[in-house]
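In: I'd like to go over a predicted model; first the sequence, then the structure.
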Amino acid sequence: MNEVADLLRRLIRLDTTNPPGNETLAAELLRDYLEAAGVECRLYARVPERANLVARIPGRDDGPSLALLSHTDVVLADAGEWERDPFGGDLVGGEVWGRGALDMKGEVAASAVALASLAREGWRGSGDLIFVAAADEEVGAGFGLQWLVEQHPDAVRADFSVNEGAGDRVELGGRVLYLCATAEKMSSPFTLRVHGRSGHAAMPSIADNALVKAAPLVERLGTFEVEPQLIPEVEGFLAALLGEVPPPGEALARARAVAPLAAELIEPLLGLTVSPTKARASDKRNVIPALCEITVDTRLLPGQSPEDAEGALRDWLGDGDYEFVNIERSGGTRSEIGGPLWEAVRSFVEAEEPGAAAAPLCVAGFTDSHWMREAFGTVAYGFFPSRAIDPETAARLIHSANERIPVSDLELGLRWLRHAARAVCG
């Protein structure tokens with residue numbers, strides 16, 4: 001049996017759906033597997049059933065350290081929607097099926113096998129190689145990497161880190177690119193609060209219906225636009241795709257002329273995005289609401305602030321009887337494009353597929369990588385390469401039914417992680 005596929009199948013059979021998580025099940029399995037190969041392991045848990053695993057091959061000196069980041073929790077799986085048991089870990093036609101196969105127990109398994117195989121070979125870098133299998137990434141309630149960097153910083157501190165977020169192989173206009181996430185947008189949702197005056201629904205003329213007043217504002221937000229701008233990550237992607245960087249106003253059309261997918265990749269990265277997603281007004285059918293609250297999912301470019309976003313939203317809507325309340329700010333970090341980790345990505349891609357190139361990109365969402373960047377200034381990339389499964393198929397399977405990963409992509413990811421360890425840690 002293929003070692004990485006076997007470990008993934010065992011991990012999938014542990015139900016770590018979050019909530020409630022129960023990630024200790026996976027942490028203990030990984031600890032037992034790694035300790036059998038001579039790897040140092042320790043569990044860190046805010047509560048006993050939600051442990052994080054940190055494993056380490058200590059460096060010979062104080063050279064650069066590399067953390068292989070991952071999470072062991074998964075999202076809900078409705079067995080009635082699946083063709084197979086979502087927690088069965090079935091191996092069918094060269095693919096491992098089950099919740100978490102792509103997001104992200106596949107990378108968990110590959111990271112563990114990378115450490116175990118290097119340890120069995122007697123390898124040691126000049127700096128530490130660290131494996132973090134964190135809890136609670138899918139919900140983020142303070143049991144996972146956020147808690148680790150705050151309460152046990154020395155356990156996870158690293159100069160460089162590799163995580164989920166990208167690695168897709170795309171063919172665009174005859175060019176083969178492997179996408180590497182070097183930055184992430186910030187999640188910064190707002191509540192739009194529209195004010196009116198309550199009254200009995202049978203006598204609408206004596207009230208001022210906040211829900212009705214909110215309707216044109218929501219419609220206006222649905223057409224929100226900003227002047228396009230090119231962040232460094234999009235410039236790097238366009239340079240790899242086109243051989244040049246066009247002006248911001250031409251970037252989307254130039255990318256679309258190469259391939260629709262290229263335009264889809266950069267469109268949400270040309271500025272902040274705004275999506276009204278939830279509404280709440282009266283709790284009773286016969287009461288006209290004095291207040292209507294609209295949740296506005298807002299994603300900012302690295303370097304933008306919620307205050308910048310609020311100003312842009314107000315400019316777009318104009319004056320009115322409303323207010324914006326920022327309810328969260330998470331992510332929005334970037335790492336330099338270049339240096340040892342970028343060189344590791346570039347050299348791996350070129351060796352695996354001559355003629356292909358690595359291309360930087362910004363993740364439209366965000367991952368646990370931002371905790372490392374914010375806490376330690378870590379150069380953090382999202383890169384777990386895949387080529388047997390196309391990006392569109394993978395995107396439809398993540399957090400959905402029939403999630404699965406080709407064994408050949410697990411093996412490709414394992415080769416990358418071993419390469420990264422040798423290239424970065426020395």
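Out: The structure has been received and is ready for your questions. Numbers count the residues shown, from 1 in each chain.

In: any chance you could map the strands in the stretch 251-400 of the chain?
Out: When assigned using DSSP state E, counting those that start in this stretch, the strands of the stretch 251-400 of the chain occupy the ranges 273-280, 287-288, 291-300, 322-326, 330-331, 357-363, 379-382.

In: Show residues contacting the third one.
Out: Right, strand 291-300. 185-196, 210-211, 213-214, 217-218, 221, 268, 272-281, 306, 308-309, 313, 324, 332, 364-365 (C-beta atoms under 8 Å, 6 or more residues apart in numbering). Placement of C-beta: from N, CA and C, glycine included.

In: Just the buried ones from those?
Out: Burial by neighbour count, judged by 16 or more other C-beta atoms under 10 Å, picks out 185-190, 192-196, 210-211, 213-214, 217-218, 221, 268, 272-274, 276, 281, 306, 309, 313, 324, 332 from the contacts of strand 291-300.

In: picking up where we left off before, how about the strands of the stretch 251-400 of the chain, which one is nearest His152?
Out: Comparison of the strands of the stretch 251-400 of the chain against His152 by C-beta to C-beta identifies strand 379-382 as nearest, at 17.9 Å.

In: average pLDDT for the closest one?
Out: Regarding strand 379-382, the rounded mean pLDDT is 98.

In: just stretch 172-186 next, same as before
Out: Mean pLDDT, taken over the full extent of stretch 172-186, equals 97.

In: could I have it exported to PDB, CA atoms only?
Out: Output for stretch 172-186, consisting of C-alpha atoms alone and laid out as PDB, is shown next (Å, rounded to 0.1, in the frame of the first residue of the first chain):
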ATOM      1  CA  LEU A 172      -3.600  29.200 -20.200                       C
ATOM      2  CA  GLY A 173      -2.900  30.200 -23.800                       C
ATOM      3  CA  GLY A 174      -0.400  27.400 -24.200                       C
ATOM      4  CA  ARG A 175       1.500  28.300 -21.100                       C
ATOM      5  CA  VAL A 176       1.600  25.900 -18.100                       C
ATOM      6  CA  LEU A 177       1.600  27.700 -14.700                       C
ATOM      7  CA  TYR A 178       1.600  26.300 -11.200                       C
ATOM      8  CA  LEU A 179      -0.100  28.900  -8.900                       C
ATOM      9  CA  CYS A 180       1.500  29.800  -5.600                       C
ATOM     10  CA  ALA A 181      -0.400  31.900  -3.000                       C
ATOM     11  CA  THR A 182       2.000  34.500  -1.600                       C
ATOM     12  CA  ALA A 183      -0.800  36.800  -0.200                       C
ATOM     13  CA  GLU A 184      -4.400  36.700   1.000                       C
ATOM     14  CA  LYS A 185      -7.200  39.200   1.000                       C
ATOM     15  CA  MET A 186      -8.700  40.400   4.300                       C
END
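
In: Report the distance from that stretch to the chain centre.
Out: Taking C-alpha atoms, centre = their mean, to the nearest Å, one finds the center of stretch 172-186 at 14 Å from the center of the full chain.

In: buried sites along that stretch?
Out: Applying a neighbour-count criterion of 16+ other C-beta under 10 Å, one finds 172, 175-186 buried in stretch 172-186.

In: Would you convert those residues into JSON lines that also reports distance to Ala79 and secondary structure?
Out: As requested, these are arranged in JSON lines below (distance: C-beta to C-beta, whole Å; DSSP: H, G, I helix; E, B strand; the rest coil):
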{"residue": "Leu172", "distance to Ala79": "37", "secondary structure": "strand"}
{"residue": "Arg175", "distance to Ala79": "41", "secondary structure": "strand"}
{"residue": "Val176", "distance to Ala79": "38", "secondary structure": "strand"}
{"residue": "Leu177", "distance to Ala79": "37", "secondary structure": "strand"}
{"residue": "Tyr178", "distance to Ala79": "34", "secondary structure": "strand"}
{"residue": "Leu179", "distance to Ala79": "32", "secondary structure": "strand"}
{"residue": "Cys180", "distance to Ala79": "35", "secondary structure": "strand"}
{"residue": "Ala181", "distance to Ala79": "32", "secondary structure": "strand"}
{"residue": "Thr182", "distance to Ala79": "38", "secondary structure": "strand"}
{"residue": "Ala183", "distance to Ala79": "37", "secondary structure": "strand"}
{"residue": "Glu184", "distance to Ala79": "32", "secondary structure": "strand"}
{"residue": "Lys185", "distance to Ala79": "33", "secondary structure": "coil"}
{"residue": "Met186", "distance to Ala79": "35", "secondary structure": "strand"}
